[in-house]
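A.B. asks: Structural data only, the sequence is not supplied:
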């Protein structure tokens with residue numbers, strides 16, 4: 001049975017894996033802005049490691065870390081030790097936080113599955129140029145086929161917009177540093193890295209919310225898209241080269257801050273006995 005200590009170790013490895021993914025996303029975005037390369041989403045960033053030396057080993061470690069991070073997030077959503085609040089206002093905020101933790105857990109579970117599949121993929125096999133975009137459209141099509149499908153897709157758009165607001169709030173207030181272990185000297189640039197990273201994520205989430213809102217309004221799954229499409233949209237704007245470079249730097253800084261979290265984040269694990 002997985003112990004609390006092992007679960008904590010996996011969660012920390014998950015922060016490091018998330019950091020590597022965002023560093024790669026940021027690198028591809030900067031490269032696309034400056035040299036006309038191709039942007040990548042989180043699944044595409046993971047896929048880029050498959051054919052590198054020791055790629056399958058690295059992907060296997062990433063899969064374990066992302067799985068650990070997903071389990072930790074889902075455990076938080078179920079137990080919510082950090083989300084407990086007093087009064088109706090506290091309960092409302094706690095409920096929103098639990099939903100966000102559950103969505104984060106499911107997202108990283110899918111990323112762990114992607115990394116695991118690629119780790120065992122035959123050498124030379126290839127994935128799509130933007131697997132996250134295709135996945136987003138597939139899931140949107142599935143939702144649209146359900147009763148009240150447009151409402152469900154609209155709810156996804158609303159959830160992404162709420163997430164964007166939360167990311168922007170963290171960027172503005174810098175209160176995310178409270179999640180790091182107390183008593184650790186924190187250089188000012190670490191908070192700046194996190195703020196710029198959360199701001200970049202807020203911009204991406206707003207664009208993603210727009211994709212799903214249009215998909216719901218037009219009842220067209222083809223209007224949905226993932227992070228790769230969001231970055232491509234930035235690139236297509238007037239001055240898009242500089243917009244994409246700025247967001248790429250922000251996402252890379254979020255990756256760097258994730259490594260700080262891997263070392264110093266307070267991690268609460270409450271596994272069932």
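C.D. replies: The structure has been received and is ready for your questions. Keep in mind the model is a prediction, meaning the values are calculated, not measured.

A.B. asks: Any stretches of the stretch 51-200 of the chain with poor pLDDT?
C.D. replies: Low-confidence segments of the stretch 51-200 of the chain (pLDDT under 70): 79-97, 99-100, 121-132, 182-184.

A.B. asks: would you list every one of the strands in the stretch 151-273 of the chain?
C.D. replies: Secondary structure of the stretch 151-273 of the chain, counting by DSSP state E, counting those that start in this stretch: no strands present.

A.B. asks: In it, mark out all the helices, start to finish.
C.D. replies: Ranges of helices within the stretch 151-273 of the chain are 188-218, 227-235, 240-264, based on DSSP state H, counting those that start in this stretch.

A.B. asks: and the second one, what does it pack onto?
C.D. replies: When you say that, I think you mean helix 227-235. helix 4-35, helix 131-144, helix 188-218, helix 240-264 (3 or more C-beta pairs under 8 Å, 6 or more residues apart in numbering; DSSP states H and E). Any C-beta I mention is one placed from the backbone N, CA and C, and that applies to glycine too.

A.B. asks: buried set for it?
C.D. replies: In terms of neighbour count (16 or more other C-beta atoms under 10 Å), helix 227-235 has its buried residues at 227-235.

A.B. asks: Quick check: mean pLDDT of it?
C.D. replies: The predicted model assigns helix 227-235 a mean pLDDT of 90.

A.B. asks: Which residues does that helix contact?
C.D. replies: When contacts are taken as C-beta atoms under 8 Å, 6 or more residues apart in numbering, the neighbours of helix 227-235 outside the stretch itself are 25, 29, 32-33, 39-42, 44, 129-130, 132-133, 136, 203-204, 207-208, 211, 240-241, 243-244, 247-248.

A.B. asks: Next: stretch 165-178.
C.D. replies: For stretch 165-178, the surrounding residues in contact (C-beta under 8 Å, 6+ apart) are 100, 186, 190-191, 194-199, 201-202, 205.

A.B. asks: switch the cut-off to 6 Å
C.D. replies: 191, 194-195, 198-199, 201-202 (C-beta atoms under 6 Å, 6 or more residues apart in numbering).

A.B. asks: any chance of the buried residues of helix 227-235 in CSV, with distance to residue 259 too?
C.D. replies: What follows is these, written out as CSV (distance: C-beta to C-beta, whole Å):
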residue, distance to residue 259
227, 20
228, 23
229, 27
230, 24
231, 22
232, 27
233, 28
234, 25
235, 27
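
A.B. asks: Next, count neighbours for residue 48.
C.D. replies: The burial count assigned to residue 48 is 18, neighbours taken as other C-beta atoms under 10 Å.

A.B. asks: how about the closest residue to residue 108 other than its chain neighbours, what does it touch?
C.D. replies: When the adjacent residues along the chain are set aside, residue 108 lies closest to residue 70, with 4.0 Å between them (C-beta to C-beta, 6 or more residues apart in numbering). Under the criterion of C-beta under 6 Å, 6+ apart, the neighbours of residue 70 are 105, 108-109, 112.

A.B. asks: what residues are up against residue 66?
C.D. replies: When contacts are counted by C-beta under 6 Å, 6+ apart, residue 66 touches 14, 17, 108, 111-112.

A.B. asks: Spatially, what comes nearest to it if we skip its sequence neighbours?
C.D. replies: residue 112 (3.8 Å).

A.B. asks: a strand runs through that neighbour, doesn't it?
C.D. replies: No: counting by DSSP: H, G, I helix; E, B strand; the rest coil, one finds residue 112 to be helix, located in no strand.

A.B. asks: Tell me how many other residues surround it.
C.D. replies: Counted by other C-beta under 10 Å, the residues lying close to residue 112 total 23.

A.B. asks: was I right about it contacting residue 68?
C.D. replies: No: if you go by C-beta atoms under 6 Å, residue 112 and residue 68 don't touch, sitting 8.5 Å apart.

A.B. asks: What confidence value was assigned to the nearest residue in space to residue 38 that is not next to it in sequence?
C.D. replies: Leaving aside its sequence neighbours, residue 38 sits nearest to residue 32 (C-beta to C-beta, 6+ apart; 6.0 Å). Looking at residue 32, its pLDDT stands at 91.

A.B. asks: Any figure for the gap between residue 32 and residue 212?
C.D. replies: Taking C-beta to C-beta, to the nearest Å as the measure, residue 32 and residue 212 are separated by 23 Å.

A.B. asks: Likewise for residue 235?
C.D. replies: In this structure, residue 235 and residue 212 are separated by 20 Å, where distance is defined by C-beta to C-beta.
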